[in-house]
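S.K.: whatever this is, show me its structure:
(one chain, ligands or ions: 1)
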Amino acid sequence: MAIPLPLVGAIEAGGTKFVVAVGRGPRADLLARAQFPTGDDPAALLTQVIAWLRDAERTHGELAALGVASFGPVDLDPTSPKYGFITTTPKRGWKNTDIVGPLRTAFPNRPIGFDTDVNGAALGEGRWGAAQGLDDFVYVTVGTGIGGGGVVRGKLMHGLVHPEMGHFPMPRFDGDDFVGSCAIHGRCWEGLCAGPAIEARAGKPAAEIAADDPVWDITARYMAHAFATLTYVLSPRRIIFGGSVRKAGKFGENAFLAKTRTHLLEVLAGYIDAPSLTPSGVEQFIVPPALGDDAGVCGAIALAHDALQISMNADRRKA
Ligand code: ZN
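M.R.: You can find the predicted model right below:
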């Protein structure tokens, strides 16, 4: 029988809600979970989260490590005084908020893995979901905003800060005078394809948009341009398309994914010679997350496991 993975705590820190869980692995191995609205009072929320985790510890046993997959931007530089902070977010109450510090105080001597929500989700999908066995892939979430994380040669992408894929500039299609919905850039990818952009373009909530409304096609075309950019720049073996927008209201998830894949092949125009970028292969190139809406919280579990591994390796080197 396989040795069970260590029991860890997971926090998916989202802009709308925090999902907290304890477990040893994905889904079936989550022993308990709860969610709290993010609100605009980080101190109060973190107090609630810590109380819940302590309570879960009393029921299920000591947590070996914690993992936090957070909305951003975040500081991931371990040498920075602001490591573990959410930094320049426009979200009310959350600018320059220390997330890791209060957890470190509450759970001393426990390793804490910390990364962006989308890098966390990418890690979770790589370990247990739609990217198992792949060393190079991208996870994007398209919901109220757009974020992307990814793995290159088996490692999460970090670099200067961390990828901010949702905000790259986009082309303008002939006749499209939509100004875009991103508060910073207007017509970046997020400003054209996130939920608020679709609703602003259609003039109604996404759930009320008819299946034959042209907004679905234009959104899928812009999505295809963004995916083409990611494909050209990062050469991923797969792009996992998470978040609520892909479900596409009355138009439907399968139809929206199919449309996006078709437009992607048109944009790429046969330039990249790969079996994944053919009409039959593209179904395995653009895929929904296998962990569904649990990708983030499962990713936080994976971040905790990795932090524990790193800490055990460091201890071994010291010994
Ligand atoms: Zn933007």
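S.K.: this structure against the ion: which residues are in contact?
M.R.: 167, 182, 184, 185, 188, 190 (C-beta under 5 Å from the ion). Any C-beta I mention is one placed from the backbone N, CA and C, and that applies to glycine too.
S.K.: so which of the residues you listed wins on neighbours?
M.R.: For these, the largest number of neighbours (other C-beta atoms under 10 Å) sits with residue 190, at 29 neighbours.
S.K.: after the helix or strand that contains that one, which helix or strand is next?
M.R.: Assigned by DSSP states H and E, residue 190 falls within helix 189-193. Next helix or strand after helix 189-193 toward the C-terminus (DSSP H and E): helix 195-202.
S.K.: quick one: low-confidence ranges for the protein?
M.R.: Residue ranges of the chain with pLDDT under 70: 1-2.
S.K.: please parse it into its domains.
M.R.: Following automatic domain parsing, one finds the domains of the chain at 8-120+293-318, 133-288.
S.K.: any chance of those domains in TSV, with distance to residue 127 too?
M.R.: Supplementary listing: those in TSV, determined by distance: least, C-beta to C-beta, whole Å:
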stretch	distance to residue 127
domain 8-120+293-318	5
domain 133-288	10
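S.K.: so for residue 126, which of these sits nearest?
M.R.: Among those, the nearest to residue 126 by C-beta to C-beta is domain 133-288 (5.6 Å).
S.K.: starting at the chain centroid, how far to that closest one?
M.R.: Centroid displacement of domain 133-288 relative to its chain, using C-alpha atoms, centre = their mean, to the nearest Å, is 13 Å.
S.K.: quick one: terminal-to-terminal distance for that domain?
M.R.: 16 Å (C-alpha to C-alpha, to the nearest Å).
S.K.: with stretch 181-191 instead?
M.R.: End-to-end distance of stretch 181-191: 4 Å, with C-alpha to C-alpha as the criterion.
S.K.: repeat that for stretch 78-90.
M.R.: End-to-end for stretch 78-90, by C-alpha to C-alpha: 23 Å.
S.K.: which residues does it contact?
M.R.: The contact list for stretch 78-90 (C-beta atoms under 8 Å, 6 or more residues apart in numbering) reads 13, 70-77, 94-101, 104, 112, 114, 183.
S.K.: ok, now with 6 Å
M.R.: Here stretch 78-90 makes contact (C-beta atoms under 6 Å, 6 or more residues apart in numbering) with 73, 74, 75, 77, 94, 95, 97, 98, 99, 100, 114.
S.K.: what's the closest non-adjacent residue to residue 166?
M.R.: Leaving aside its sequence neighbours, residue 166 sits nearest to residue 146 (C-beta to C-beta, 6 or more residues apart in numbering; 3.1 Å).
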